[in-house]
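> everything below, folded, please.
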Amino acid sequence: MNDPSRRIVVGITGASGVIYGIEMLRILKDSGYEIHLVLTEAARTNIRIETDIPLSQIEACATAVYQDDALAAPIASGSYLTRGMVVIPCTIKSLSAIAHSYTASLLVRAADVTLKERRPLVLVVRETPLHQGHLELMLKAASLGAVILPPIPAFYHRPETIQAKCWTAFRFLTTSLSAGTERPRPLQASAFPRAFWRPMSAFHTHRSMESFSIWPLDTHSHSSSHGHPV
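Modelled structure (predicted):
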């Protein structure tokens, strides 16, 4: 594949909640995207702590995998075109480095390149509670152009699994990655277990989650003629 509009950089750091990054990789792979993955050492450690998923299986979701010290990697250059980058989950340490352009690692350099080239950068900051310093870092990163997207779950679709609680963030995340660009290849509905599209009967409505687009780029066409996400 050599289509920059389908090329996404994914960074996974050592914050708790690596399942967000793992599920994002799986969904992007199932949807046909070219994935460039950067795993920090802390992320590798946390994957072993929080999951039973072999690291090799996670890396197999990506088109290319880089060590965090590989500063000569293609994604360290602005001339290497991508749709954008997401750091999921993002530690406060990584947030701080990105906000201050401290590009001593590939993950931070790739994020810095994304910002300077005016491409979408989404930081899924996983930390709570937040003190003033954390909030100021988020404000600084946002002022540079980053989207701050804490992985706050929604419950209107009655999630029954940990993975299902992650999916709300993915919908907002993919919208952020598509901002200011042409309509991208949509994420495949088949990548989401059926529980995600559960009807919202508790809210006394006949509208189901099937009526929502995974890539909601406009307010006029949120579904196909068959009622499935477009």
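> so which elements touch the helix or strand containing residue 37?
Secondary structure from DSSP states H and E places residue 37 in strand 34-39. With contacts taken as 3 or more CB pairs under 8 Å, 6 or more residues apart in numbering; DSSP states H and E, strand 34-39 sits against strand 7-12, helix 18-30, strand 64-67, helix 106-116. C-betas here are computed from N, CA, C, even on glycine.
> could you export these as TSV, including mean neighbour count, distance to residue 87 and mean pLDDT?
Shown next, in TSV, are the helices and strands packed on strand 34-39 (neighbours: other CB atoms under 10 Å; distance: least, CB to CB, whole Å; pLDDT from 0 to 100):
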stretch	mean neighbour count	distance to residue 87	mean pLDDT
strand 7-12	26	4	97
helix 18-30	22	9	92
strand 64-67	17	14	98
helix 106-116	24	6	98
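> tabulate the ones you listed in TSV, adding columns for distance to residue 38.
Shown next, in TSV, are these (distance: least, CB to CB, whole Å):
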stretch	distance to residue 38
strand 7-12	5
helix 18-30	10
strand 64-67	5
helix 106-116	5
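> does residue 139 sit in a helix, a strand or a coil?
Here residue 139 is helix, with the state taken from DSSP: H, G, I helix; E, B strand; the rest coil.
> check residue 79 too.
coil.
> which residue packs closest to the spatially most central residue of the chain, ignoring adjacent ones?
Nearest residue to the geometric centre of the chain (CA atoms, centre = their mean): residue 86, 4.5 Å. Take residue 86 and drop its neighbours on the chain: the residue closest to it by CB to CB, 6 or more residues apart in numbering is residue 122, 4.4 Å away.
> all helices for this protein, in order.
Secondary structure of the chain (DSSP state H): helices at 18-30, 41-50, 55-59, 92-99, 106-116, 132-144, 162-177.
> name whatever forms a beta bridge with residue 34.
Counting by DSSP bridges, residue 34 is bridged to residue 7.
> for residue 85, same thing?
residue 9, residue 121.
> hang on, it packs against residue 109?
No: using CB atoms under 8 Å, residue 85 is not in contact with residue 109; the gap is 10.8 Å.
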